[in-house]
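> Quick one: sequence and predicted model below, then my questions.
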Amino acid sequence: MKSIKRLLIANRGEIACRIMRSCRLLGIESVAVFSDADREAKHVRLADRAVHIGASAATASYLNAEVIVNAALNIKVDAIHPGYGFLSESTELIRRCEENDITFVGPSLESIVQMGSKINAKSIAIDLGIATVPGYNGDSQAVPELLAEADNVGFPLLIKASAGGGGKGMRIVMDKEGFEAALTQAKQEALNAFGDDKVLLEKYIVRSRHIEVQVVGDSQGNVCHLFDRECSIQRNYQKVIEEAPAGHLSQETRQGLFDCAVKLAQHLNYQGAGTVEFIVDADTQDYYFLEMNTRLQVEHPTTEMVTGLDLVVLQIQIAQGESLPFEQSDVTIEGHAIEARVNAEDPSNNYLPEIGSINLYREPQVAGLRVDSGVAQGSSITPFYDSMVAKVIACGDARGVAAQKLVQGLGDFAIAGVNTNREFLMSLLSRPAFHQELTTQYIENAFPDGWQPWGEDVHAAIAAVVLATEQEEKSTGDFSGTPWQSLSHWRLTADAGVPAVTQLYLQEDDSTLTIKLVGGKGRYRVTLMKEQETSEFSIQLNLKRGEGSSQAEVEVSGSRGVLDIVIDDAKVYLSSSKLNRSYPFISLEEDLLKEASADADSSNVIVAQMPGLITDVLISEGDIVQQGDNALAIESMKLINSVVAPCSGTVSKVFCEAGDNVESGTLLVEIEPLVEIEPSV
Ligand code: ADP
C-alpha cells in the first residue's frame, strides 16, 4: 500500500477545490499550484499549501509537466491528482511521476495510451465485439483514400481528429463536394490543438443522444460500473447540461451499455475512474461506442449524487492500492441528478467568453442542491483559462423535481460583474421538450435564431400579466359585477365562453404603452402597442404568494424565469438579479387627462393617442368649447374612450368624422384658443 499523506493538485478552478474537499475527508494535506493570473484564486486560498508554477499562459504553468513535477518534488508530495483537462491524460506527466516515485491518481500509462487515440480505441472496441459508429478507422491518411472511404461511409459524415477532445478537429460534411475543404480544416485544427492530424471518418447520426457509463477499477482487477449519465444537451459538441441516470432509456439498452463499458474496462485492466462514452440513435436506441475518457469527468457530481459515492475518494483509495470497497450488486442509485455548467459568457452574443471581476457572488441555498465552484466574490475571470465558473447540481426523487430545483437554484445564484449563461441554462431546463427524449440538437431546436434574454417589452408584458392575475384572483374568477370590473385602472370585457380581454396602460417616460391581454387563469396572449410598433407574447404565470412580496414563475414564449414581485395598488414591482423596476399602470382617463392638462398650456390640438375608430364627433367647426368638454369618442380595442378639448376656444378645424379609422398621432381637431383680454384699468 502506498499511503498518500500529501497530494498536489495539478489543476485550478472548481475541480481543484473539489479535489481538496475529498483530501480533507481523508485527512490528506492538499497542495495547490498556481500561475501568475491565479495568485488570488479560490483554489489557492482553500489549499493547505500552494506553489507558484509559472506565467499565466497554461503552457507555461498548468500544462507544463516538468514544472509541476519539480514543484511536487520540492514540497515532497506523495501523489499528484491531475483533475480533468490540462495534464489529466498526459503520458509525460505519468512518466515523470513514475521516474520520481510519485503516485499518479489515475489509470495506468498503458490505458491512457490505448484510449488516447480514437482510432486505436475504436479498433479495441471492435475486437471486443462492441458496436462502433460505421466509418473509416484506418491508418492511411492519404487524401484520395480518405475521399474514397468517405464515399463508402456516405453523407452526412463526421471527420474527427483521432487525438481529439472537446469537439476540436471535428467537422460535419453534408456531401462529397464539401469533403476536401472540411478535411483540410479538421486536420489543421487537430494539428494545432494536439500536434497530431490523424483523422477518422464516421457516419453522422443526425438524431443522436450522448450517453456514457461511469466505471471504476482497482489494481486487483475488479471493475464496476456506477450507472449511466446523459449529456445530450451540448453546444459545439461540448456538454452544457448533464444528468444521471439518462431519462427515457429502455432497461435493455441501459444494461447493454453497462456490459460494454465493463467489458472494455476489464480488457484494459482499468485502474481508477473512467468514462465510456456512447452515441445512441434516438429513433432506434441502437448504441455505438464513441471513446473512453481516462479521467474524472466534469459531470461526475451527478453520479455522486445518485450513488452516494465520492469518486475522488475512490480514485485516491485505488491509487493507494486499495481494492474497491463494494461489488457491483452493492451499487445502487436513488433519485435523479442534473448538472448545469455556469460559464462566464454572453449567450446572447454568440456565447462570447467574458472576462472581468466578479463583484457580487452569492451561491443559492436550496436543499438538495450542490454547487461546485472555483470562484468567490472578488475573483477575476482572466482570458487564460476556460470560462466555467461553477457547476450547479440538483438532485430530486424524480427528473422533473431535479429540473425544477435546478431552475430555482440558478435563479437564486447571484453573480454580477461578468455576464453568465445562468438565464440561458434556466430557459433550457424549463422547456417542455426537456421532459421528452433529448437529442444533441436540443439547443439548436430550442433557439434556432440564437437565445436572447427578456427585454424591456417582455418585462412590461409580465408586469401586466401579474396585475391581471392578481385582480382575477381577487375577483375569485367571476368577472361580472365584481371589483375586477369596477377597478379604475383597467378594463375588461368577458362575454360568456369568450376569453377575457383586458387593456392596460403603462406610463413610460414620455409615452403610454398600451397592453392588451387575452386569456385568464395565468395564461395570456399579450399585445404591446407603442406608437406604430406592436409586439406579441404568450405568457404563463404562476403566482406564489409570500409575506410582503411574492414570486412569479413565468414562461414567455417557451423561455422561463422566476421574478420577485410586489403589487402596490396598480403599481407592479419586478425584481431579479438583473432587474429592479416598477411598472405604474394607469387608467385611460388618467392618461388622457394627463395629456390634456399637459397640452393645456402648449397645445390647442387633439391628436389620436392610439390607433382606433372614431365613433362620435361631438363638436363642429365654429363651436365654442370649454377645456375638458367631450370632443370625440374613439373606439380602440373594443373600448370607447372619450377625448376632451385640450383648451377653451373656438373649434377651427375638425379633420375627422365618425367612421374614420385613425392611426396613432393623427391630427383630429384644431382649436383657436380663447384669448384672455386683460381688463383695462
Ligand atoms: P470529443 O472527444 O472531441 O469530445 P467525441 O467523439 O466524444 O469528441 O464526440 C463529441 C460529441 O460529438 C458527441 O457527444 C456527439 O454529440 C457528437 N458526435 C460524435 N460522434 C458523432 C456521430 N458519429 N454522429 C453524430 N454525432 C456525433
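Looks like it arrived, so ask away.

> from here on, contacts and neighbour counts on C-alpha atoms
Fine.

> does K160 sit in a helix, a strand or a coil?
With DSSP: H, G, I helix; E, B strand; the rest coil as the basis, K160 sits in strand.

> which ones are touching it?
Shown in contact with K160 (CA atoms under 8 Å, 6 or more residues apart in numbering): G169, M170, R171, A186, V199, L200, L201, E202.

> Just grab the bridge partners of the fifth one for me.
When bridges are called by DSSP bridges, V199 pairs up with A161.

> if I look at it, how far off is A190?
8 Å (CA to CA, to the nearest Å).

> cool, and the first one?
Counting by CA to CA, the gap from G169 to A190 is 5 Å.

> Neighbour count: those two, which is higher?
G169 (28 against 24; other CA atoms under 10 Å).

> what helix or strand does the more buried one sit in?
Taking DSSP states H and E as the definition, G169 sits outside all helices and strands.

> On the pLDDT front, check the nearest residue to V213 once chain neighbours are set aside for me.
For V213, ignoring the flanking residues on the chain, the nearest one in space by CA to CA, 6 or more residues apart in numbering is D228 at 4.4 Å. Note on D228: pLDDT of 98.

> ditto for G561
Looking at G561, its pLDDT is 77.

> Surely it forms part of a strand?
Yes: when classified by three-state DSSP, G561 is found to be part of a strand.

> if you go through the stretch 1-150 of the chain in chain order, where are the helices?
Along the stretch 1-150 of the chain, counting by DSSP state H, counting those that start in this stretch, helices occupy 13-26, 42-46, 65-74, 91-99, 109-116, 118-127, 143-153.

> Mind listing the strands the helix or strand containing I671 pairs with, and their directions?
According to DSSP H and E, I671 maps onto strand 667-673. With DSSP bridges as the test, strand 667-673 is paired with strand 605-607 (antiparallel), strand 649-654 (antiparallel).

> C-terminal to the shortest one, which secondary structure element comes first?
It stands for strand 605-607. Next element after strand 605-607 (DSSP H and E): strand 612-617.

> Next, the angle strand 649-654 makes with that next one.
130 degrees (axes from the mean of the first three to the mean of the last three CA atoms, to 10 degrees).

> helices or strands up against the following helix or strand past strand 612-617?
Using DSSP H and E, the helix or strand that follows strand 612-617 towards the C-terminus is strand 624-625. Applying 3 or more CA pairs under 8 Å, 6 or more residues apart in numbering; DSSP states H and E, one finds that strand 624-625 makes contact with strand 649-654.

> Tell me where the stretch 201-350 of the chain has helices.
Ranges of helices in the stretch 201-350 of the chain, per DSSP H, counting those that start in this stretch, are 251-268, 300-307, 311-319.

> Nearest to M292, out of those?
helix 251-268 (8.9 Å; CA to CA).

> could I get the helices of the stretch 201-350 of the chain as CSV with mean neighbour count, distance to the ligand and mean pLDDT?
Output for these, formatted as CSV (neighbours: other CA atoms under 10 Å; distance: least, CA to the nearest ligand atom, whole Å; pLDDT from 0 to 100):
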stretch, mean neighbour count, distance to the ligand, mean pLDDT
helix 251-268, 18, 15, 98
helix 300-307, 23, 16, 98
helix 311-319, 23, 21, 98
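
> out of those helices, which comes closest to P448?
Closest to P448 of the helices of the stretch 201-350 of the chain, according to CA to CA: helix 300-307, at 28.6 Å.

> so what's the spatially most central residue of the chain up against?
Centroid check for the chain by CA atoms, centre = their mean gives L425 as the closest residue, at 1.6 Å. By CA under 8 Å, 6+ apart, the contact set of L425 is A340, V342, L410.

> ok, E180 - contacts?
E180 neighbours (CA under 8 Å, 6+ apart): V143, L147.

> for the one 5 residues further on, same thing?
With CA under 8 Å, 6+ apart as the criterion, the residues that contact Q185 are G169.

> before we move on, what about E663?
For E663, counting by CA under 8 Å, 6+ apart, the contacting residues are A608, M610, P611, G612.

> May I see those arranged in a markdown table, with distance to Y351 as well?
Shown next, in a markdown table, are those (distance: CA to CA, whole Å):
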| residue | distance to Y351 |
| --- | --- |
| A608 | 44 |
| M610 | 39 |
| P611 | 40 |
| G612 | 43 |
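
> count of neighbours near the nearest residue to K76 once chain neighbours are set aside?
Excluding its sequence neighbours, the residue lying closest to K76 (CA to CA, 6+ apart) is R6, at 7.8 Å. For R6, the tally of surrounding residues (other CA under 10 Å) stands at 21.

> R6 reaches G27, doesn't it?
No: using CA atoms under 8 Å, R6 is not in contact with G27; the gap is 9.1 Å.

> Can you name the residues of the chain sitting close to the ligand?
Within the chain, the residues that sit near the ligand (CA under 6 Å from any ligand atom) are 133, 164-168, 202-206, 208, 210, 237, 290, 440.

> on that earlier part again, may I have the residues that are in contact with the residue nearest to K76?
Shown in contact with R6 (CA under 8 Å, 6+ apart): I28, E29, S30, V31, K76, V77, D78, A79.

> That one and E14, how far apart?
20 Å.

> And for L290?
27 Å.

> ditto for T132
33 Å.

> Then K474?
From K474 over to E14 the distance is 48 Å, taken as CA to CA.

> More neighbours: the two, which one.
Ranked by neighbour count (other CA under 10 Å), K474 and E14 place E14 first, with 22 against 14.

> my guess is the more buried one meets V371, correct?
No: look at E14 against V371 with CA under 8 Å: they stay out of range, at 9.5 Å.

> Identify the contacts common to these two.
Residues touching both E14 and V371 (CA under 8 Å, 6+ apart) are A390.

> about what we covered before: show me the two of the contacts of R6 that sit farthest apart.
I28 and K76 (13.3 Å).
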